[in-house]
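Engineer: Take a look and give me a structure for this.
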Amino acid sequence: MSATTHSGPAASTLTPQAAAAAKPRGRGERSRGASIALHATLLTASAIAVFPVLWILFISLGPSSSWQQPHEVLHHLGLGNYRFVLMHTSFPKWFLNSVIVAGATTVLGVLISASAGYAISRMRFPGHRSLMWTFLVTQMFPMAVLIVPLYNLLAQLDLIDSYLGLILVYCTIAVPFCAWMLKGYFDTIPRDIDEAGRVDGLSPFGTFWRLIVPLARPGLAVTAFYSFLTAWGEVAYAAQFMGRDHSTLAVGIRTFASDQRADWGSMTAASVLIAIPATIVFLLVQRHLVTGLTAGGTKG
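Structural biologist: Numbering: from 1, shown residues only. I've put the predicted structure just below:
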């Protein structure tokens, strides 16, 4: 009896801090030390990822020799490298060529891959499985192996040094991956939506275009971003298949460097300008990444 009455006051004298420490943590809770370590790791990783970009931007604001003596940037801060690149080089022409090629590759690549992914997801036809494996196998060949056969094909079709030839080559890179990704995305959309479209009298293409495409907007946005980056920053195919008048940005920027000397001021300024459109496209795509897979659809 006395032991019971003695333990009662002792238990009631626990401070709130001691009570909180004695309380077992839930599954999703972390201690203060673990939280500090996690945030420190994330900040360090972010700094490592952002530093090269900020360094290139910093060097581009200084004279051409600032990469050897970075402190000179602070004394000669300016936009001289950007003015030189935009006004005294072929950068505007390269930019226009890249916009044409990347834009057409994005539109054509997404259209083909979405059609192929939807057909494989919803329809059963001869060669259904072999077509998907063909898409996968084409991604296994290194680029250096494909340059010669692709060059011969383009030469026979008279598409060397033409926008169409390079766009078709880039589609051979983007379409297989995008078709695989969109096929899995279309599989998550209930088939009841297709059946509802047929009941309303829509054709298979009408069902795809008017019902499925709006629901698949997040997946289409991601594949569009991948197709755009494939054409925007590729060097090997553009250097081999395009002449000087049709050079893209990734190829044109190499003219700022030679075997004996490199104009680092112009190269860094051009690198920053090249990254701006890709950043804008990413920001546009980012809005759709959190959209529901079947927003507005019924669950089957």
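Engineer: Just give me the neighbour total for Phe205.
Structural biologist: 10 (other C-beta atoms under 10 Å). C-beta: built from backbone N, CA, C; applies to glycine.
Engineer: Now the spatially closest residue to Gln139 that is not a sequence neighbour: which helix or strand?
Structural biologist: In space, and not counting its chain neighbours, Gln139 is closest to Pro176: 5.5 Å by C-beta to C-beta, 6 or more residues apart in numbering. Using DSSP states H and E, Pro176 maps to helix 163-187.
Engineer: Flag every buried residue along whichever helix or strand comes after that helix.
Structural biologist: Next in sequence after helix 163-187, counting helices and strands by DSSP H and E, comes helix 192-199. Within helix 192-199, the residues that count as buried by 16 or more other C-beta atoms under 10 Å are 193-194, 197.
Engineer: Next: stretch 49-59.
Structural biologist: 56, 58-59.
Engineer: and those, which of them are in helices?
Structural biologist: Judged by DSSP state H, the subset of the buried residues of stretch 49-59 located in helices is 56, 58-59.
Engineer: Number of residues surrounding the residue nearest to Gln139?
Structural biologist: Neighbours of Pro176 (other C-beta under 10 Å): 19.
Engineer: related to what we said a few turns ago, which of the ones in helices among the buried residues of stretch 49-59 lies closest to Val137?
Structural biologist: Ile56 (37.4 Å; C-beta to C-beta).
Engineer: which stretches of the stretch 151-300 of the chain aren't confidently modelled?
Structural biologist: Scanning the stretch 151-300 of the chain for pLDDT under 70 picks out the ranges 259, 289-300.
Engineer: Surely Phe135 touches Cys178?
Structural biologist: No: with contact defined as C-beta atoms under 8 Å, Phe135 does not reach Cys178; the gap is 9.4 Å.
Engineer: With neighbour numbers in mind, choose between these two.
Structural biologist: Legend: neighbour count by other C-beta under 10 Å for Phe135 and Cys178, higher for Cys178 (27 against 20).
Engineer: could you check the distance from the more buried one over to Trp264?
Structural biologist: 36 Å (C-beta to C-beta, to the nearest Å).
Engineer: Check Met140 too.
Structural biologist: Counting by C-beta to C-beta - Met140 and Trp264 are separated by 37 Å.
Engineer: Which one of these two is surrounded by more residues?
Structural biologist: Legend: neighbour count by other C-beta under 10 Å for Met140 and Trp264, higher for Trp264 (21 against 7).
Engineer: Check the gap between that one and His88 for me.
Structural biologist: 16 Å.
Engineer: ok, back up a step: which helices and strands sit right next to the helix holding Pro176?
Structural biologist: Helices and strands touching helix 163-187, by 3 or more C-beta pairs under 8 Å, 6 or more residues apart in numbering; DSSP states H and E, are helix 91-122, helix 128-138, helix 143-156, helix 217-232, helix 236-241.
Engineer: now with 7 Å?
Structural biologist: helix 91-122, helix 128-138, helix 217-232, helix 236-241 (3 or more C-beta pairs under 7 Å, 6 or more residues apart in numbering; DSSP states H and E).
Engineer: Of all the residues in it, which ones are buried?
Structural biologist: 165-171, 173-183, 185-186.
Engineer: Outside of that helix itself, list whatever touches it.
Structural biologist: Outside of helix 163-187, the residues within contact range by C-beta atoms under 7 Å, 6 or more residues apart in numbering are 100-101, 104-105, 108-110, 112-114, 116-118, 120-122, 135-136, 138-139, 150, 154, 159, 212, 216, 219, 223, 226-227, 230-231, 234, 237-238, 241-242, 246.
Engineer: Deepest-packed of the helices and strands packed on helix 163-187, please.
Structural biologist: helix 217-232 (a mean of 22; mean count of other C-beta atoms under 10 Å).
Engineer: Check what contacts that one and list those residues.
Structural biologist: By C-beta under 7 Å, 6+ apart, the residues outside helix 217-232 that reach it are 98, 101-102, 105-106, 109-110, 113-114, 170, 173-174, 177-178, 181-182, 185, 278, 281-282, 285, 288-289, 291.
Engineer: quick one: that helix to helix 163-187, angle?
Structural biologist: 150 degrees (axes from the mean of the first three to the mean of the last three C-alpha atoms, to 10 degrees).
Engineer: For helix 217-232, what is the distance to the chain centroid?
Structural biologist: Computed by C-alpha atoms, centre = their mean, to the nearest Å, the chain-centroid distance of helix 217-232 equals 7 Å.
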